[in-house]
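[1] Dropping the sequence and predicted coords here.
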Amino acid sequence: MRRTARSDAGEKNAGFTIIEVLVAIAVVAFSLTAIGALTGTTAHGVRSLGQHVALVETARTVAATLPSRAQFSAGEIAGELYGSRWRVGVSPFFGAPPVADSPWVPEIISIRVQSPSGAILHLETVRLQRGRQ
């Protein structure tokens, strides 16, 4: 009989209580929620970075294919490339007084690219245009 009593006591302590099971399920659920949130944030970051790289590449292509200085003076041109709309504006630079007797005139080049999703990249730079002599 003693053997039976011991085996009954061992069987009663062999399993998990309902509280232990609920705590384990809660820990697993919390871990999965944290992993899901991290995955979602990472996916959003990757998507945003990919969109930014596409905008920068479009802007680089537009800048590389601009007409030469002699063909493109003050004004604005626009177009579409890789599904993105772009606009390039050239205007005089008024940030500093002109250098006396300089053959060069500074101009502001403004490049604006908008992706189909609506994201916008705006770049501005200064270039030197040979002035009239």
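    That came through fine. Numbering: from 1, shown residues only.
[2] how far does the helix or strand residue 42 falls within sit from the chain's center?
    Per DSSP states H and E, residue 42 falls inside helix 18-64. Centroid separation for helix 18-64 versus its chain: 13 Å, with C-alpha atoms, centre = their mean, to the nearest Å.
[3] pretty sure residue 16 belongs to a helix, no?
    No. Residue 16: not assigned to a helix; according to DSSP: H, G, I helix; E, B strand; the rest coil it is coil.
[4] In terms of pLDDT, where does the residue nearest to it when sequence neighbours are not counted sit?
    Using C-beta to C-beta, 6 or more residues apart in numbering and skipping the chain neighbours, the partner closest in space to residue 16 is residue 24 (7.7 Å). Every residue, glycine included, has its C-beta placed from N, CA and C. For residue 24, the model assigns a pLDDT of 94.
[5] tell me, how many neighbours does residue 24 end up with?
    Look at residue 24: counted by other C-beta atoms under 10 Å, it has 11 neighbours.
[6] what's near enough to touch the residue nearest to residue 51 when sequence neighbours are not counted?
    Spatial nearest neighbour of residue 51, chain neighbours left out: residue 119 (5.4 Å); criterion: C-beta to C-beta, 6+ apart. Going by C-beta atoms under 8 Å, 6 or more residues apart in numbering, residue 119 touches 51, 52, 55.
[7] Let me see the contact set for the first one.
    Taking C-beta under 8 Å, 6+ apart as the criterion, residue 51 is in contact with 115, 117, 119.
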